[in-house]
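1. kindly return the folded structure for what I paste below:
(one chain, ligands or ions: 1)
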Amino acid sequence: MRHLLSPLDFSVEELDNLLNLAADIEHNPDKYKEICKGKKLATLFYEPSTRTRLSFEAAMLNLGGNVLGFSSADSSSASKGESVSDTIRIISCYADICAMRHPKEGAPLVAASRSSIPVINAGDGGHQHPTQTLTDLMTIKSLKGRLDHLVIGLCGDLKFGRTVHSLINALVRYPGIKFVLISPKELRIPDYIRQDVLEANSVEYQEVEHLEDVLGSLEILYMTRVQRERFFNEEEYIRLKDSYILNSEKMALANKDMLVLHPLPRVNEISVEVDDDDRAAYFKQVQYGVYVRMALILTLLDISVNEPGN
Ligand code: CP
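-> Predicted coordinates:
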């Protein structure tokens, strides 16, 4: 039995296989529409979500399976004090696979240690968000044609943004990647990512505060929102929340084929006027998220379309 707790749980070869499967699902959805008949996915969301929870549910329904779960800690027995360890033992009796989002870093790891079904980390605090990373990788591969030799700007809240941490972890394994880390000094990338991931893998990177200074050099710009829910101090959040606002004027400084990605939800960091720019890929990214989660469910359940009976 396998879990997905970090993007590093899959080798580069396994990731390639998963992305190829997701692409086949995109182009041949009918092949897969009954493949999970009789299987159940549980979504255990202790934190709010629109995309991750609903795209997991859509993914399982597209595969012919069923879904159950809760969308907030308040509507589960966590509100009565039940532990993650106990909850996963219960859910293991009800479902074949589960996706868990939790505000505490490491909660899905604890769940996996007690689980008899595959556990997928759907975001744990400010730590990791590996299925957003799979979504981002599929978007980049589909729209740029490769995952190597790219200059990628990561902009916004690099301190608390778990999607950024996961994406860096995944991309350092591909050759020729250069990161441009764009943030206010208060929201710089954590030391453990800088030292243990970027420097340990000899990956080229630069840290800057001004987006305009580097826009023209980027092939991908990954925007992120300032993560209000991770701040201890509301005044600090208010001071930093509009550090970056990507608008048409700034897009005029960018390469004509630079892609703009964003894990969403957006707040103010991308003006709606950018949505009509051909380089805006963040809504396409959402659709890729469904295909890649379908591929992930099949991979973790070890279900193949070529199996007898399918
Ligand atoms: N990208 C993402 O995790 O969005 P949600 O918080 O809506 O799931």
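
2. when you work out contacts or count neighbours from here on, use the C-alpha atoms and nothing else.
-> Noted.

3. can you verify Val180 is assigned to a helix?
-> No. Counting by DSSP: H, G, I helix; E, B strand; the rest coil, Val180 is not found in a helix; it is strand.

4. gap between it and Leu4?
-> 27 Å (Cα to Cα, to the nearest Å).

5. contact residues of the chain facing the ligand?
-> Contact residues (Cα under 6 Å from any ligand atom) of the chain with the ligand: 49-53, 263-265.

6. okay but Leu261 is in contact with Gln285, surely?
-> Yes. In this structure, Leu261 is within contact of Gln285 by Cα atoms under 8 Å, at 7.3 Å.

7. pull up the overlap in contacts between the two.
-> Asp136 (Cα atoms under 8 Å, 6 or more residues apart in numbering).

8. tell me the confidence at Pro308?
-> pLDDT for Pro308: 45.

9. top of the residues of the chain next to the ligand by neighbour count?
-> Thr52 (25 neighbours; other Cα atoms under 10 Å).

10. what comes up buried for whatever helix or strand that one lives in?
-> Assigned by DSSP states H and E, Thr52 belongs to helix 51-62. By 16 or more other Cα atoms under 10 Å, the buried positions in helix 51-62 come out as 51-53, 55-62.

11. adding pLDDT, write the residues you listed out as JSON lines.
-> Formatted as JSON lines, those follow (pLDDT from 0 to 100):
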{"residue": "Arg51", "pLDDT": "97"}
{"residue": "Thr52", "pLDDT": "98"}
{"residue": "Arg53", "pLDDT": "98"}
{"residue": "Ser55", "pLDDT": "98"}
{"residue": "Phe56", "pLDDT": "98"}
{"residue": "Glu57", "pLDDT": "98"}
{"residue": "Ala58", "pLDDT": "98"}
{"residue": "Ala59", "pLDDT": "98"}
{"residue": "Met60", "pLDDT": "98"}
{"residue": "Leu61", "pLDDT": "98"}
{"residue": "Asn62", "pLDDT": "98"}
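
12. the residues you listed into TSV, with extra columns for distance to Pro184?
-> Formatted as TSV, the buried residues of helix 51-62 follow (distance: Cα to Cα, whole Å):
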residue	distance to Pro184
Arg51	27
Thr52	27
Arg53	30
Ser55	32
Phe56	33
Glu57	36
Ala58	37
Ala59	37
Met60	39
Leu61	41
Asn62	41
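
13. just these now: which is nearest Ile303?
-> Of all the buried residues of helix 51-62, Met60 has the smallest distance to Ile303: 12.8 Å, by Cα to Cα.

14. surely that closest one and Ile35 touch.
-> No. The criterion here is Cα under 8 Å, and Met60 misses it with Ile35 at 9.7 Å.

15. so where's the chain uncertain?
-> 307-310 (pLDDT under 70).

16. for the spatially most central residue of it, which non-adjacent residue is spatially closest?
-> With distances taken as Cα atoms, centre = their mean, Gln132 lies nearest the centre of the chain, 1.2 Å away. Once flanking residues are discounted, Gln132 sits nearest to Thr163: 6.4 Å by Cα to Cα, 6 or more residues apart in numbering.
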